[in-house]
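# Output the structure for:
(chains A and B)
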Amino acid sequence: MNDRRLVLGGGFLVVLALVALAAPWLGLRDPAAQPDTLVLRDLPPLARPQAVRLGDGSLRFAHEVRPLGAGAVEMRRGSTWTRLGADQLAPDWNVRPLYLLGTDSFGRDLLSRLIHGGRVSLLVGLAGALIAVGIGTLVGSVAGFAGGRVDALLMRFTDVVLSVPRLFLALLLVALYRPSLLTTMLVLGGTTWMAAARLVRGEILSLRERDFVHAARAAGASPLRLGLLHLLPLAMVPVIIEGTLRVGDTILLEAALSYLDLGVRPPTPSWGNLIADGRHSLLGAWWISTIPGLAVAATVVSLNFVGEAVRDRLGSARPLPARRRPRPTVRSLLLPAAE
Amino acid sequence: MLRFVVRRLLVAVPLVLGVLTLVFVLVETTPGDPADLVLGDRPVPPEVRERIERAYGFDRPAPERYARWMSALLFRGDLGWSTSRSRPVSQLLAETLPATLVLAGAALTLHVLLGLVLGVISAARRGRWPDRVVTWGSLTLYAMPTFWLGLMVILVFSYGLSLFPGSSMQSVGAEDWPMWRRWLDALWHLALPAGVLALSSAAAMTRFVRSGVLEALAQEFIRAARARGVGGSRVLVAHALRNALGPVINLIGLSLPILVSGSLIVEVVFAWPGMGRLTYDAIMAKDLSVVLITTSMAATLVVLGNLAADIALAAVDPRIRLVDERASR
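Reported below is the predicted structural model:
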């Protein structure tokens, strides 16, 4: 089971990352270009709109083209017919470019927007998770090392932030500051660090009492050296796992913010923006919202697969419920084996 | 038990006060002049600006405003004035909170039911196809953005099959209908938003119930029950599930923030006239006095929910009370 999760999720993520990184060199259309809103709007996936290649290599899109004889053609956009002489046309004038995922309501190429949007969403997800883990590690380790009043104060603060539902907190922050790519990352990181903080604190508290720490202290290690060199590196394993699981959550939250017009600003594409673009033409052009949502779901499932597979190998990242798991004593023939 | 409840209340009350303070500080530390938020981009003469500042108390130092705001809130129940709607915030809250409670309550019920049923089925058929379907299904649902799931559900059930309405809380003209018909109408409108909210949060519950039941199934008392001749489904529900219930109640408390957050976006997608939509509209209108209150209200709901979960847990499992008592000594 573990291996399959890693292979499936990891494989998808590697392909996704490669495509996202290589996007400028994949020969995609410009994600913001609106070459012909009239002809190209709301084309379904796999559409091949009619186009005419002119002598200078540029494309003119049309609803309909008919040859007039002597090499001239007539093309229709809406209700207007335009005559194009043989001298204006390229030799291979009759082209039907492929739009693999169709177009949106502005006639923009959805494949290109999906990939470029993925770059933004993944970037926001990674950056948000990094910021969250960074703040969390800082708060958690200060609380864990300092103990006493500082610890109590920081942990009560964590409890307070934790009890404000995330989306409300994120919306409040975005509303106070101007929405942009950077604020989105900062807000997402700033509203999701609490789990990491609790995790790091717990780790440090339990590590502090281990023999090797006592030994280091007896050998005269300064508190700073003790913390940075002995405790923090060991506390990082669960933090890294938490970070992986956090990326998926952050991508989901970014999508929600962008959908509400409070995240990444259009025209920059992000998966949330793409879903938002299609919400008003759901009935006529279902694919505009559907496809980016599937991309989000597949990415988050993969991230969770990888995070959980790693967690199961390296130990538990999210704290178990208060009740300790009792070990099964006797395996009965009547019962399925305990997990 | 009473001492336990009192001790929990002593934790919950400072938490709510802390949330109010946090929200106030966040708004306070925003760069920019608060009067600009009220005035918008309109150019106004300085004396008008001064009057506005005095009316809203912007000319006072922050600690004084904090004290005034808090005391008005706590002792007089004065929630402030909505600048975008020109009405008291308390009225807006009174109009929208019931809708949110109905939505969140229905979603919570569905979420727990789904989690229990699917979790038990999954555990009982571990490793076989029902388990796989439930496991994969819940993982996929968990990974879907809630609002997207909402759009898809509207697309299929509202536009495609015309089974359920995709927006609002009642039909046009429902005010004149008899009571029973209005109730049915509300339920009909509730189906999609509550379903979406429950589905998107049921994954954690399902997995949790599954592992809890599996864990219980591996213990000796189950073997003893089977040896006594207790039937398969009875062992599953009356013995295994019952022992897994404690952590489940705990998880209900933990999933409240997710439900309340989710209700905000579900309300926006389904045009549900609740507190989440009010918050969103207020944010778009830069009406901070409303946002302050609704955000605090959402947090209070979470704190109260956790309090209820804690008390229910202690009622179900006396060990919790003992542990808590020992820890506090």
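# any bit of stretch B:206-226 sitting next to chain A?
Yes: contact of stretch B:206-226 with chain A is found when judged by Cβ under 8 Å from any Cβ of the partner chain, involving B:Ser211, B:Leu214, B:Glu215, B:Leu217, B:Ala218, B:Gln219, B:Glu220, B:Ile222, B:Arg223, B:Arg226. No exception for glycine: its C-beta is placed from N, CA and C like everyone else's.
# neighbours around residue 306, how many?
No chain specified, so I'll use chain A. By other Cβ atoms under 10 Å in any protein chain shown, 24 other residues sit near A:Val306.
# My question was about chain B, not that one.
A count of neighbours around B:Asn306, defined by other Cβ under 10 Å, yields 21.
# again with A:Ala218
A:Ala218 has 8 nearby residues by other Cβ under 10 Å.
# Let's see the pLDDT reported for it.
Model confidence at A:Ala218, given as pLDDT, is 82.
# ok, now B:Asp33?
Predicted confidence (pLDDT) for B:Asp33: 67.
# just to revisit the earlier point, of the residues of stretch B:206-226 next to chain A, closest to B:Asp59?
Nearest to B:Asp59 among those, counting by Cβ to Cβ, is B:Ser211 at 57.8 Å.
# follow-up on the earlier one: ok, the residues of stretch B:206-226 next to chain A vs chain A, which is closest?
B:Ala218 (3.7 Å; Cβ to the nearest Cβ).
# Spell out which residues of the stretch 1-150 of chain A are next to chain B.
Contact residues (Cβ under 8 Å from any Cβ) of the stretch 1-150 of chain A with chain B: there are none.
# where exactly do the strands run in the stretch 51-200 of chain A?
Using DSSP state E, counting those that start in this stretch, the strands of the stretch 51-200 of chain A run over A:51-54, A:59-61, A:64-69, A:72-77, A:80-84, A:89-95.
# Show me what the shortest one pairs with in its sheet, parallel or antiparallel.
So that's strand A:59-61. Counting by DSSP bridges, the strands paired with strand A:59-61 are strand A:51-54 (antiparallel).
# what about the closest residue to B:Val248 other than its chain neighbours, which helix or strand?
Computed as Cβ to Cβ, 6 or more residues apart in numbering or on different chains, the closest residue to B:Val248 that is not its neighbour in sequence is B:Val209, at 6.1 Å. B:Val209 belongs to helix B:179-217 when assigned by DSSP states H and E.
# do A:Arg265 as well
Applying DSSP H and E, one finds A:Arg265 in no helix or strand.
# show me where pLDDT drops low in the chain?
I went with chain A, as the question did not name one. Judged by pLDDT under 70, chain A has its weakly predicted residues at A:1-2, A:315-339.
# I was after chain B.
B:31-41, B:171-174, B:320, B:322-329.
# Domain-wise, how is it divided?
B:32-78, B:94-148+B:194-328 (automatic domain parsing).
# For those, state which one has the densest average packing.
With neighbours defined as mean count of other Cβ atoms under 10 Å in any protein chain shown, the domains of chain B peak in mean count at domain B:94-148+B:194-328, which reaches a mean of 20.
# closest one to A:Ala255 among the domains of chain B?
Nearest of these to A:Ala255, taken as Cβ to Cβ: domain B:94-148+B:194-328 at 4.6 Å.
# Now do the same contact list for residue 300.
Went with chain A since none was named. Contacts for A:Val300 (Cβ atoms under 8 Å, 6 or more residues apart in numbering or on different chains) come out as A:Gly248, A:Asp249, A:Ile251, A:Leu252, B:Tyr142, B:Ala143, B:Met144.
# let's do chain B instead
B:Val16, B:Val19.
# Measure how far the strand or helix carrying it is from the centre of its chain, please.
Using DSSP H and E, the element containing B:Thr300 is helix B:288-316. Centroid displacement of helix B:288-316 relative to its chain, using Cα atoms, centre = their mean, to the nearest Å, is 8 Å.
# Could you do stretch A:280-295 as well?
18 Å.
# Okay, buried residues for it please.
The neighbour-count check on stretch A:280-295 (16 or more other Cβ atoms under 10 Å in any protein chain shown) flags A:Ser281, A:Leu282, A:Ala285, A:Trp286, A:Trp287, A:Ile288, A:Ser289, A:Thr290, A:Ile291, A:Pro292, A:Gly293, A:Ala295 as buried.
# Alpha carbons of it, as CSV, please.
The C-alpha trace of stretch A:280-295 is given here as CSV (Å, rounded to 0.1, in the frame of the first residue of the first chain):
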residue,chain,number,x,y,z
HIS,A,280,-20.9,32.2,-14.8
SER,A,281,-20.9,30.0,-17.8
LEU,A,282,-21.3,26.7,-16.0
LEU,A,283,-24.4,25.8,-18.0
GLY,A,284,-23.0,26.6,-21.5
ALA,A,285,-19.3,25.7,-20.9
TRP,A,286,-18.9,23.3,-18.1
TRP,A,287,-15.3,22.5,-18.9
ILE,A,288,-13.9,25.9,-17.9
SER,A,289,-14.5,25.2,-14.2
THR,A,290,-14.4,21.5,-14.2
ILE,A,291,-10.9,20.8,-15.6
PRO,A,292,-8.9,23.1,-13.2
GLY,A,293,-10.9,21.6,-10.3
LEU,A,294,-9.8,18.1,-11.3
ALA,A,295,-6.2,19.3,-11.5
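# State the distance from A:Ala47 to A:Trp271.
22 Å (Cβ to Cβ, to the nearest Å).
# Turn the domains of chain B into CSV, including distance to A:Leu122.
CSV is the format used below for the domains of chain B (distance: least, Cβ to Cβ, whole Å):
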stretch, distance to A:Leu122
domain B:32-78, 32
domain B:94-148+B:194-328, 15
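# quick one, which of those is nearest to A:Tyr99?
So among the domains of chain B, domain B:94-148+B:194-328 is nearest, using Cβ to Cβ, at 22.0 Å.
# Run the chain-centre distance for that closest one.
With Cα atoms, centre = their mean, you get 10 Å for domain B:94-148+B:194-328.
# Could you do stretch A:272-287 as well?
On Cα atoms, centre = their mean, the centre of stretch A:272-287 falls 19 Å from that of its chain.
# ends of it, how far apart?
14 Å (Cα to Cα, to the nearest Å).
# Which other helices and strands does the longest helix along chain A contact?
In chain A, with assignment by DSSP state H, the single longest helix is helix A:110-146. Contacts defined by 3 or more Cβ pairs under 8 Å, 6 or more residues apart in numbering or on different chains; DSSP states H and E place helix A:110-146 against helix A:2-22, helix A:148-163, helix A:181-190, helix A:194-208, helix A:232-259, helix A:271-277, helix A:287-314.
# Quick check: which of the buried residues of stretch A:280-295 are also close to chain B?
Within these, those near chain B by Cβ under 8 Å from any Cβ are A:Leu282, A:Trp286, A:Ser289, A:Thr290, A:Gly293.
# Between those, which sits nearest chain B?
Sorting those by how near they are to chain B, with Cβ to the nearest Cβ, puts A:Gly293 at the top with 3.7 Å.
# got a list of what the closest one touches?
Applying Cβ under 8 Å, 6+ apart, we find A:Gly293 in contact with A:Trp271, A:Ile275, B:Met144, B:Pro145, B:Trp148, B:Leu149, B:Leu151, B:Met152.
# could those residues be laid out in a markdown table, adding secondary structure?
As requested, the contacts of A:Gly293 are exported to a markdown table (DSSP: H, G, I helix; E, B strand; the rest coil):
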| residue | secondary structure |
| --- | --- |
| A:Trp271 | helix |
| A:Ile275 | helix |
| B:Met144 | coil |
| B:Pro145 | coil |
| B:Trp148 | helix |
| B:Leu149 | helix |
| B:Leu151 | helix |
| B:Met152 | helix |
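# burial of the residue nearest to A:Val237 when sequence neighbours are not counted, as a residue count?
In space, and not counting its chain neighbours, A:Val237 is closest to A:Leu314: 5.6 Å by Cβ to Cβ, 6+ apart. When neighbours are counted by other Cβ under 10 Å, A:Leu314 registers 12.
# Which residues are in contact with A:Leu314?
A:Leu314 sits next to A:Val237, A:Pro238, A:Ile241 when contact means Cβ under 8 Å, 6+ apart.
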